[in-house]
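In: would you be able to build a 3D model of this:
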Amino acid sequence: MPEAEALYIELLAGVKNLLRADTKLVGITSGGAWLGERLQKDLGLPGAAGVISSAMHRDDFAQRGMTASAQTTLPFEIDGADVLLLDDVLYTGRTIRAVLNELFDFGRPACVRLAVLVDRGGRELPIAADFAAAHIDDIPGSQSVALVRAESGVLSLQVKESA
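Out: Below is the predicted model:
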């Protein structure tokens, strides 16, 4: 498994190439939100990155119920915005579908793009990242991959058996 801090440096470079003058960063809870917060700071962008939750639009809501993750906070206008979604791991594409539904509840962006730390393949929906710091396709479907942030802010990737 690649080292998360090294992948973050790759993500930072990739996001720099995707930025436009008016791009708004929006991180998906929780790993993507951590990435958005850090990228906003490291890129010297004004204001705060947005945070978006997939909880209310998931197609497995009946099984998962409400999670303790952060709620959607978008400190800027979505109508007409150039939005760059950020996530830690792209797998089936279902979280991205749910997040797009949530985003459109707040307005109609001009453009939505996606940057991820890890693309692990296994798509169930026709969704692709505009930038992925790493492509890892040798993780069994019985395992999940998640970004973990230590109190010090250091990032690491964790692989565990899915529930």
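
In: centre of the chain to stretch 88-102, how far?
Out: With C-alpha atoms, centre = their mean, to the nearest Å as the basis, stretch 88-102 stands 8 Å off its chain's centre.

In: name the residues that touch that stretch?
Out: With contacts defined as C-beta atoms under 8 Å, 6 or more residues apart in numbering, stretch 88-102 is touched by 28, 31-32, 34-35, 52-60, 72, 85, 87, 112, 114, 116-127, 129, 132, 145-147. Where C-beta positions appear, they are placed from N, C-alpha and C, glycine not excepted.

In: likewise for stretch 129-138?
Out: Stretch 129-138 is contacted from outside by 1-2, 7-8, 10-11, 14-15, 17-18, 90, 113-122, 145, using C-beta under 8 Å, 6+ apart.

In: just the buried members of those?
Out: Buried by 16 or more other C-beta atoms under 10 Å: 7-8, 11, 14-15, 90, 113-120, 145, out of the contacts of stretch 129-138.

In: in those, find the pair that's most separated.
Out: For the buried ones among the contacts of stretch 129-138, the farthest-apart pair by C-beta to C-beta is Arg113 and Val145; their separation is 21.8 Å.
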